[in-house]
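Sequence and predicted structure, then a few things I'm wondering about:
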Amino acid sequence: MNTAANHSVRLGRSDLMVSPICLGTMTFGEQVSEADAFTIMDRALERGVTFWDTAEMYAVPARQATYGATESIIGRWFAARPGAREQIVLASKVAGPSRGMPWIREGKGMTAADIVASCEGSLRRLQTEVIDLYQIHWPERHVPAFGNLYYDPAQEVSQTSMHEQLETLAKLVQQGKIRHIGLSNETPYGVHEFVRLAEQHGLPRVASVQNPYCLINRSWENAMDETCHRLGVGLLAYSPLGVGLLTGKYDHSGITGPHAPQGTRLSYPSVQKQRWGRPEALDAARLYNQLAREHGLTPTQMALAFCYRSWRVASTIIGVTAQAQLDEAVDAWQVQLSPELLAQIDALRWKYRDPGQ
């Protein structure tokens, strides 16, 4: 059977082999209880999803009370499952400069000491000696990300050079605390500069970039795809379902109101104010969802297959809150999208562009 469990993908030019479906864990400790998280992790391992992604700032939506909760849950799962850690490729992230989260760090920068302290904290919570892929969650410098469309030089407050960041990560590699490095929420300039510095100074080379990629946010295809293809850097696609908009569950109810689904990420007011809460994002998602149904697919199947089958994507990160959602996402690996359907998807994108950017 052609299943995701039968495949592995080389991440960039590194020697890191990962499953093409990655378990996103940011809901563990907020939407998902520890017991349910254990069930999901057990099932993921059983289904061959052996690449897991977390971060020091999780759970989300971020708040002080749940800082580090997700990593701690994963760490307790490892402790309760002897031998399981060796079966998992584990990714985590150091938070960038504070975005309204002073409980992570007060300063506007991300110093060498910050990176080291964050890595060591993650190792303790995860109850592991090494993190296989350690990523910078968002750039230390100012970039248009998280719904901001434009770069503004006036907002530049960078305090730690990319070279210093790389040197610090290199020391963590030399100490055996991390194996490979990655970026997240990056731009073409950032990827080029990190790769240039690594090659010029003999420092660790970026293996991957974790950025949003889905039917309602294909901004990756506007330069990042060429950049990463030519430089040999893999895409870890996050939010492939547009935070649930591309499952169809909001098509009739909307994201607010008496009939809107409860207990989802979009039920949090803080998330509703972000890019995924834009009316245009739901409007476009409804059209993609209807297109899926017209082709005999569920919206979830089409949205995931779009990522799974793209040459641009190394691994697709699926965030689930129940075992049934995990199984649905893994089963969608079987789905193929016809050239006709892909052309219709492109036609919708031409008209509605990237409202989830």
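Nice, thanks for sending it over.

average pLDDT for the helix or strand hosting residue 282?
Per DSSP states H and E, residue 282 falls inside helix 279-294. For helix 279-294, mean pLDDT is 96.

what does stretch 62-82 give?
The model assigns stretch 62-82 a mean pLDDT of 97.

I would like the residues contacting it, please.
Contacting residues not belonging to stretch 62-82 are listed as 25-30, 34, 37-38, 41-42, 52, 54-59, 84-85, 90, 92, 101, 103-104, 121-122, 124-128 [CB atoms under 8 Å, 6 or more residues apart in numbering]. For the C-beta atoms, the positions are set from N, CA and C on the backbone; glycine is no exception.

before we move on, back to that, got the contact list for the helix holding residue 282?
Residues contacting helix 279-294 (CB under 8 Å, 6+ apart): 215-216, 242, 245-248, 250-251, 254-255, 275, 298-299, 301-303, 341, 344-345, 348, 352, 355-356.

let's see it at 6 Å
By CB atoms under 6 Å, 6 or more residues apart in numbering, the residues outside helix 279-294 that reach it are 215-216, 242, 245-246, 248, 251, 299, 302, 344, 348, 352, 355-356.

TSV for these, including distance to residue 168, pLDDT and secondary structure?
As requested, the contacts of helix 279-294 are exported to TSV (distance: CB to CB, whole Å; pLDDT from 0 to 100; DSSP: H, G, I helix; E, B strand; the rest coil):
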residue	distance to residue 168	pLDDT	secondary structure
215	37	98	coil
216	36	98	coil
242	34	95	helix
245	37	96	helix
246	37	98	helix
248	44	95	coil
251	46	88	coil
299	42	98	helix
302	42	98	helix
344	47	98	helix
348	43	98	helix
352	41	96	helix
355	37	95	coil
356	33	93	coil
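
Would you map the strands across the stretch 101-250 of the chain?
Listed in chain order, the strands of the stretch 101-250 of the chain (DSSP state E, counting those that start in this stretch) span 131-136, 178-184, 206-212, 234-238.

Export the ones you listed as a markdown table, with columns for mean neighbour count, mean pLDDT and distance to residue 155.
As requested, the strands of the stretch 101-250 of the chain are exported to a markdown table (neighbours: other CB atoms under 10 Å; pLDDT from 0 to 100; distance: least, CB to CB, whole Å):
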| stretch | mean neighbour count | mean pLDDT | distance to residue 155 |
| --- | --- | --- | --- |
| strand 131-136 | 25 | 98 | 18 |
| strand 178-184 | 24 | 98 | 19 |
| strand 206-212 | 27 | 98 | 20 |
| strand 234-238 | 25 | 98 | 24 |
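
Which one of those lies nearest to residue 337?
Residue 337 sits nearest to strand 234-238 of all these, at 15.4 Å, using CB to CB.

So what angle separates the directions of that closest one and strand 178-184?
Relative orientation of strand 234-238 versus strand 178-184 (axes from the mean of the first three to the mean of the last three CA atoms, to 10 degrees): 60 degrees.

Could you list every helix and strand that strand 234-238 packs against?
Packing partners of strand 234-238 (3 or more CB pairs under 6 Å, 6 or more residues apart in numbering; DSSP states H and E): strand 206-212, strand 313-319.

quick one: strands adjacent to that strand?
Applying DSSP bridges to the sheet, strand 234-238 is found paired with strand 206-212 (parallel), strand 313-319 (parallel).

Name the residues that touch that strand?
In contact with strand 234-238 (CB under 6 Å, 6+ apart) are residues 11-12, 208, 210, 212-213, 307, 312-317.

roughly how far out does that strand sit from the chain middle?
7 Å (CA atoms, centre = their mean, to the nearest Å).

Give me the contact list for the following helix or strand past that strand.
Per DSSP H and E, the first helix or strand lying C-terminal to strand 234-238 is helix 269-272. Here helix 269-272 makes contact (CB under 6 Å, 6+ apart) with 61, 265.

Make TSV out of the strands paired with strand 234-238 and add distance to residue 80.
Shown next, in TSV, are the strands paired with strand 234-238 (distance: least, CB to CB, whole Å):
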stretch	distance to residue 80
strand 206-212	27
strand 313-319	22
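
Of all the ones you listed, which one comes closest to residue 223?
That would be strand 206-212 among the strands paired with strand 234-238, by CB to CB, at 11.7 Å.
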